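In: structure of the sequence below:
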Amino acid sequence: MFDAILIEKEGDRSKASLARLDDSRLPEGDVTVRVSHSTLNYKDGLAITGRGPIVRSFPLVPGVDFTGVVEDSRDARFKAGDSVLLNGFGVGESHWGGLAGRARVSADWLIRLPERLSAARAMALGTAGYTAMLCVMALERQGVAPGAGEIIVTGAGGGVGGVAIQILDRLGYRVVASTGRPQEADYLRELGADEIIDRATLSAPGKPLAKARWAGAVDSLGSHTLANVCAAMKENGVVAACGLAQGMDFPATVAPFILRGVTLVGINSVYRSIADRVEAWDRLAREIDVTKLDAMTTTIGLKDAIAAAGDLIDGKIRGRIVVAIGDET
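Out: Numbers count the residues shown, from 1 in each chain. This next block holds a predicted model:
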C-alpha cells in the first residue's frame, strides 16, 4: 500500500484527492521505485487543479518529477538500492507519476541521481531546474558567451526563472530579471540578478522591431512577452523558449529573425535524449549554489500538495516546492 495524489474524472471535470492505493494499481514498467521526493511544477499545478488539459488518461497520479530508490528492476541497467531520478517522458500526464509513495516506469526514462545532489535538492531543482539548464546549454551551443551582453530572464519569480538566474550568474553572465512581483526584487538580486524590470514592459502588444538590448533570453511565458523579447534582441541574439505561462500564442513578425539574425530555440524537456539529461543534471550538481537553492525552496508533505497546486497556478508561490513523500509502508 502507498499514498498518492489521484486524479479521477467526475462528469466533465476532474478531481484530485489523497488516496491510499494497493501496489496492484501501479502501471506497467520495468522498474519499481520507492519515491522519496517529488515536486510541483506549473504543469503539475494545471493537472491537479484541472485548469489545463494536461491529464491524458484517468485515473492518474500526477507528478512529472521524482527521486527515489529502486525496489525492483527487470532491467540490467538498474538494481535494487540504486538512487534514481526521472523527469518527463509523459509521466504525470499519460503515465502515473511521482506524487506517490511508489512509481513503476520504463527503465529508459530513468537516470542515476548525481552523487553531489541529495534527493531533496534534486527535486528542489526538478523539471524547472533541469529546463533552466537546458536553456543555458542552448545559449552556449549557439555561441552566446558571458561577454556578449545582457541576458533577459522572464518569469523570474518562478522555478525556471530562479534557477536560470543562479546558473547564468554563476557562469559570469549579466542577468536582467523580469517579474510582475516588485516585492521580490531583493530575493531576485540575492539569486544573482543584476537588474530587475517590470514584466508590464514586455507583456503588452509591442513593435515588430524594438531597440536592440538583449544578447540572450530565457523565456517561460510565451505570448506577447516572447514576441517583445525577440523584437529587442541584439544582432545574432538567441532566445530559449521553454514555457507558456502568459499564453500559447506568439504574436510576432519575422523582422527580428531576418533583419537581426535572431535565433529562437525551443526547449523540449519532456522527450530530451538521455545524453542531454545526464549532461544537464551533472552540470546542475556542479554549478548550482545550494545555499541559494535552499533559500528559494519550500518543503511540504504529500497531503499539502493539492492546496499548493492551486496557489502555484494563482501565482502565490515563490521559487520551488519540494514534496517530501515519506511513505514507509
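In: got phi/psi on the nearest residue to residue 169 once chain neighbours are set aside?
Out: In this structure, residue 169 finds its nearest non-sequential neighbour in residue 192, 2.6 Å apart by Cβ to Cβ, 6 or more residues apart in numbering. Yep, even glycine has a C-beta here, placed from its N, CA and C like the rest. Main-chain torsions, residue 192, degrees, to the nearest 10: phi 130, psi 0.
In: tell me, how many residues neighbour residue 192?
Out: Using other Cβ atoms under 10 Å, residue 192 has 22 neighbouring residues.
In: before we move on, what about residue 103?
Out: Neighbour tally, residue 103, other Cβ under 10 Å: 32.
In: kindly report the same for residue 209.
Out: With other Cβ under 10 Å as criterion, residue 209 counts 15.
In: do you know how far it is from residue 242?
Out: 24 Å (Cβ to Cβ, to the nearest Å).
In: same deal with residue 128?
Out: Counting by Cβ to Cβ - residue 128 and residue 242 are separated by 9 Å.
In: out of the helices and strands in this protein, which is least certain?
Out: The weakest-scoring helix or strand in the chain, judged by mean pLDDT, DSSP states H and E, is helix 290-295 (a mean of 91).
In: contact partners of that one?
Out: 121, 124-125, 163, 166, 187, 190-192, 319-320 (Cβ atoms under 8 Å, 6 or more residues apart in numbering).
In: buried ones among the residues you listed?
Out: By neighbour count, with 16 or more other Cβ atoms under 10 Å, the contacts of helix 290-295 hold 121, 124-125, 163, 166, 187, 191-192, 319-320 as buried.
In: sorry, back to before: alpha carbons of the least confident helix or strand of the chain, as CSV, please.
Out: This file holds the C-alpha atoms of helix 290-295, laid out as CSV (Å, rounded to 0.1, in the frame of the first residue of the first chain):
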residue,chain,number,x,y,z
VAL,A,290,22.9,25.0,-2.8
THR,A,291,22.6,27.9,-0.3
LYS,A,292,20.7,29.9,-2.9
LEU,A,293,18.7,26.8,-3.9
ASP,A,294,17.7,26.2,-0.4
ALA,A,295,16.6,29.8,0.0
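In: ok, then the element right after that helix?
Out: Downstream of helix 290-295, the next assigned helix or strand under DSSP states H and E is strand 297-301.
In: and that following strand, what's buried?
Out: Buried residues in strand 297-301, counted by 16+ other Cβ under 10 Å: 297, 299.
In: which other helices and strands contact that strand?
Out: strand 320-324 (3 or more Cβ pairs under 8 Å, 6 or more residues apart in numbering; DSSP states H and E).
In: quick one on the thing from earlier: check pLDDT for the contacts of helix 290-295 and point me to the minimum.
Out: Of all the contacts of helix 290-295, residue 319 carries the smallest pLDDT score, 83.
In: list the contacts of that one.
Out: 157-159, 162, 295-298.
In: now the end-to-end length of stretch 80-91.
Out: Across stretch 80-91, the terminal residues are separated by 21 Å (Cα to Cα, to the nearest Å).
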